[in-house]
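Colleague: please find the sequence and the predicted model below.
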Amino acid sequence: MWLKLLAPVSGQKKRPLCAPCRKDTGAMKKLTEGNPFKVIILFSIPLLIGQLFQLFYNLVDTRIVGETLGESALAAVGATTTLSDLIVQFIVGVTSGFAILVAHFFGAKDRKNLKKTIGGTLLLGVLASLLITVVCLVLLDPFLRLLNVEDAIYTDAKGYIRIILAGLIFTALYNICAGVLRAIGDTITPLIFLIFSAFVNIVLDYTLILYAHMGVEGAALATVLSQVLSVVLCFGYIRRKYVDLIPGINELRPDKELYHRLLQSGISMGFMSSFVNLGTLFLQTCINTFGAVIIVSHAASRKLTSIFMLPFGILSMTMATYCGQNMGAGRYDRIRTGIKDALIMAGIWCIFVVFITYPFTPKLVHMITALDNPVILQTSAKYLRINSTFYFITAIICLFRNAMQGFGDTKTPILSSLLELLTKLLIAFFLAPKIGYFGIIISEPIAWAIMVIPLIANMLRWERMHRSS
């Protein structure tokens, strides 16, 4: 289906892409020109709105499942969330890593390698998602047992995540398309399609859960079907509006050197994301032994954490593209200025979040779970109040890791993420069993303080190397 969508429309006039003597067209934006602060803000706003609607997918599932199916079903979804997040974020990381190379060639105005990179991104992304899907479905039962999923919620948990895994190819295809469009500066188009599919997701949630009586599987299927719609819309748009982005047969032929660079960037971003989520997965194995109340409390806390950390993710995505384009153009001065501006923006948000979490967290937890259990509300509040105090460290981590990926450093971000994984692993198996859920709460601030060290050291080194550029 996606090959047909990518095929150029017969007789369609091509729009110029990035030839050196031509002016960029459409929604494409050069991040190598203009005031860095303004450029970053304008690029980030559509990403922010888009990620809000992406979170909206999950929050709608949580709210409807909690409201219509009860606490047990919500625990089933929460018990597998870290596993699905691990897998999905690996795919998102891989495709984002591919898109950095697309941004690099776009910034360098290298049209030939740009199209070859898009072709390689498509082929490698599809193959990776299919391989991961097959492996995960075959090993699903062992994975769930390792997560210590209780027998009472096992059937619902397995049914939910099985459907999410089956739809991974659509997750990959959407992120490939959105990543390519963002790499050339178009953040508006993926946003429009995502908003539309988010509303479709709401309708499907209610339809499949309340009227088709599919339970938690209905919520998972609604998410997958919404992603299918996003894929169709995105590929259709590229086919009609940006024919020059579509690789031909020559661009689809494997290029050993280019594919090596794609895999290096993609796997680095994928592992960076998966190490973060793998550490959380280890923590979840402990959380699942604390009972349904703690599982629900933690799941609700993580939902709100995703919202509070959203600007960090948006700025980091922006910096990956921003640094990728400017590295291609040789504008090291703009990279330095952009990173400083992004840190200022993130710092302001950190202060705001602290003022929000302390007085309003219990009410926010109730809003997304529809539950009134005071233990759940207070446990979630404790988690969020402690963690939000250290968000400024997370801001530095997110920005530096993606900036480094953007200017070609694929090793330091992985080292940092590996340190986080090891810290969470030690806490999950040694600290949390002794002091209970409080060990889980403090695990992330401890991990952040350790993993930020190599990032700061390497960023200072990069700054010294390019100080005169």
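Modeller: Looks like it came in fine. Numbers count the residues shown, from 1 in each chain.
Colleague: is it true that Ile287 touches Tyr437?
Modeller: Yes - assessed by C-beta atoms under 8 Å, Ile287 is found in contact with Tyr437 at 7.3 Å. To be clear about C-beta, it is placed using only N, CA and C from the backbone, and glycine gets the same treatment.
Colleague: which residues are common contacts for those two?
Modeller: Both Ile287 and Tyr437 are in contact with 294, 298, where contact means C-beta atoms under 8 Å, 6 or more residues apart in numbering.
Colleague: ok, those two, which is more surrounded?
Modeller: Ile287 (24 against 17; other C-beta atoms under 10 Å).
Colleague: ok, and the closest non-adjacent residue to that one?
Modeller: His298 (5.2 Å; C-beta to C-beta, 6 or more residues apart in numbering).
Colleague: same check on Phe290?
Modeller: Phe290 sits nearest to Tyr437 (C-beta to C-beta, 6+ apart), 5.8 Å away.
Colleague: so who does the one you found touch?
Modeller: Contacts of Tyr437 (C-beta under 8 Å, 6+ apart): 287, 290, 294, 298, 379.
Colleague: and the two most separated of these?
Modeller: Ile287 and Thr379 (11.0 Å; C-beta to C-beta).
Colleague: what is the rounded mean pLDDT of the helix or strand encompassing Pro142?
Modeller: Assigned by DSSP states H and E, Pro142 belongs to helix 140-146. Per-residue pLDDT over helix 140-146 has a mean of 87.
Colleague: same thing with stretch 219-237?
Modeller: 88.
Colleague: how about it: buried residues?
Modeller: 219-235, 237 (16 or more other C-beta atoms under 10 Å).
Colleague: among the residues you listed, which ones are in helices?
Modeller: Secondary structure defined by DSSP state H assigns 219-235, 237 of the buried residues of stretch 219-237 to helices.
Colleague: from what I can see Ser226 touches Ile202, true?
Modeller: No - Ser226 lies out of contact with Ile202 (C-beta under 8 Å); the separation is 9.0 Å.
Colleague: quick check: which ranges of the stretch 51-200 of the chain have low pLDDT?
Modeller: 54-61 (pLDDT under 70).
Colleague: what are the boundaries of the helices in it?
Modeller: 71-107, 111-138, 140-146, 151-166, 168-183, 188-206 (DSSP state H, counting those that start in this stretch).
Colleague: mind putting those into a markdown table with distance to Met404 and mean neighbour count?
Modeller: Converted to a markdown table, the helices of the stretch 51-200 of the chain look like this (distance: least, C-beta to C-beta, whole Å; neighbours: other C-beta atoms under 10 Å):
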| stretch | distance to Met404 | mean neighbour count |
| --- | --- | --- |
| helix 71-107 | 11 | 25 |
| helix 111-138 | 20 | 19 |
| helix 140-146 | 31 | 14 |
| helix 151-166 | 30 | 19 |
| helix 168-183 | 17 | 26 |
| helix 188-206 | 24 | 19 |
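Colleague: can you tell which of those is closest to Thr389?
Modeller: Closest among the helices of the stretch 51-200 of the chain, using C-beta to C-beta: helix 71-107, at 22.9 Å.
Colleague: quick one, that closest one and helix 151-166 angle?
Modeller: 20 degrees (axes from the mean of the first three to the mean of the last three C-alpha atoms, to 10 degrees).
Colleague: could you figure out how far helix 71-107 is turned away from helix 111-138?
Modeller: Using the same axes, to 10 degrees: helix 71-107 against helix 111-138 is 160 degrees.
Colleague: coming back round to it: what about the residue nearest to Ile287, distance to Gly120?
Modeller: According to C-beta to C-beta, to the nearest Å, His298 stands 39 Å off from Gly120.
Colleague: also Ile440?
Modeller: From Ile440 to Gly120 the distance is 40 Å (C-beta to C-beta).
Colleague: quick one on the thing from earlier: okay, and the common contacts of Ile287 and Thr379?
Modeller: By C-beta under 8 Å, 6+ apart, the residues touching both Ile287 and Thr379 are 294, 298, 437.
Colleague: between the contacts of Tyr437, which sits nearest Asn175?
Modeller: His298 (26.5 Å).
Colleague: which residues touch that closest one?
Modeller: Per C-beta under 8 Å, 6+ apart, neighbours of His298: 78, 284, 287, 379-380, 383, 437, 440.
Colleague: now render those as JSON lines, adding distance to Val92.
Modeller: Formatted as JSON lines, the contacts of His298 follow (distance: C-beta to C-beta, whole Å):
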{"residue": "Gly78", "distance to Val92": "20"}
{"residue": "Gln284", "distance to Val92": "19"}
{"residue": "Ile287", "distance to Val92": "23"}
{"residue": "Thr379", "distance to Val92": "29"}
{"residue": "Ser380", "distance to Val92": "26"}
{"residue": "Tyr383", "distance to Val92": "25"}
{"residue": "Tyr437", "distance to Val92": "29"}
{"residue": "Ile440", "distance to Val92": "24"}
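Colleague: return the member of these nearest to Lys241.
Modeller: Gly78 (40.2 Å).
Colleague: hang on, that closest one packs against Lys303?
Modeller: No - applying C-beta under 8 Å, one finds Gly78 not in contact with Lys303, separated by 9.1 Å.
Colleague: which residue is the nearest non-sequential neighbour of Arg90?
Modeller: One thing to correct before we go on: residue 90 is Phe, not Arg. Nearest one to Phe90, counting by C-beta to C-beta, 6+ apart, is Ser274 at 4.1 Å.
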